[in-house]
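Trainee: Predicted model and sequence follow; I will ask about them next.
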Amino acid sequence: MGIDKVAFTGSTEVGKLIQEAAGKSNLKGVTLELGGKSPNIIFADADLDLAIEQAHQGVFFNAGQCCTAGSRIFVEEPIYDEFVRRSVERAKRRIVGSPFDPTAEQGPQISREQQNRVLEFIQIGLSEGAKLECGG
């Protein structure tokens, strides 16, 4: 049985190993998704209610533990303050709970280690001048 292509989603470290192995074999096709930083871009003429809901879906889907998570949000300056205010209001209404609870919008991080990693990123952001608007 031949293998025509390898597709992998995961860490950069493992992705490099797969790429190297493919290069040493017969140059099989490789597709690697190694943790993108997909942006949401919101312009001043956007439907703000829809933009906030969609941005939150992108950021919080699978507790943010998804390679296609919309982990960055760029907002056009004229609506920035209103977007932040309304986005914080929406985040405060977010229902976090068991992934088996149909009313929960978001489950927990996969492990205590991942939770600590997220909290560490928040601290790094704050030390670099970020302003924490909600949670943390």
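Mentor: Structure received. Only a predicted model underlies this, so the values are computations on that prediction, with no experimental measurement involved. Numbers count the residues shown, from 1 in each chain.

Trainee: Just the buried residues of stretch 35-54, please?
Mentor: 40, 42, 46, 48, 51-52 (16 or more other C-beta atoms under 10 Å). For every residue, glycine as well, the C-beta is placed using N, CA and C.

Trainee: Lowest-confidence entry in these?
Mentor: Lowest in pLDDT among those is residue 40, which has 91.

Trainee: Just the element for that residue, please.
Mentor: Assigned by DSSP states H and E, residue 40 belongs to strand 39-42.

Trainee: what do you get for residue 82?
Mentor: Per DSSP H and E: helix 80-93 holds residue 82.

Trainee: got the CA positions of the helix or strand following that helix in CSV?
Mentor: Sequence order places helix 112-127 as the next helix or strand after helix 80-93, per DSSP H and E. What follows is helix 112-127, C-alpha atoms only, in CSV (Å, rounded to 0.1, in the frame of the first residue of the first chain):
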residue,chain,number,x,y,z
ARG,A,112,-4.1,22.3,34.1
GLU,A,113,-0.9,22.6,32.2
GLN,A,114,-2.7,24.3,29.3
GLN,A,115,-4.6,26.6,31.7
ASN,A,116,-1.4,27.7,33.3
ARG,A,117,0.1,28.3,29.8
VAL,A,118,-2.8,30.6,28.9
LEU,A,119,-2.5,32.4,32.2
GLU,A,120,1.3,32.8,31.5
PHE,A,121,0.5,34.3,28.1
ILE,A,122,-1.8,36.8,29.8
GLN,A,123,1.0,37.8,32.2
ILE,A,124,3.4,38.2,29.3
GLY,A,125,0.9,40.5,27.5
LEU,A,126,0.4,42.6,30.6
SER,A,127,4.1,42.9,31.1
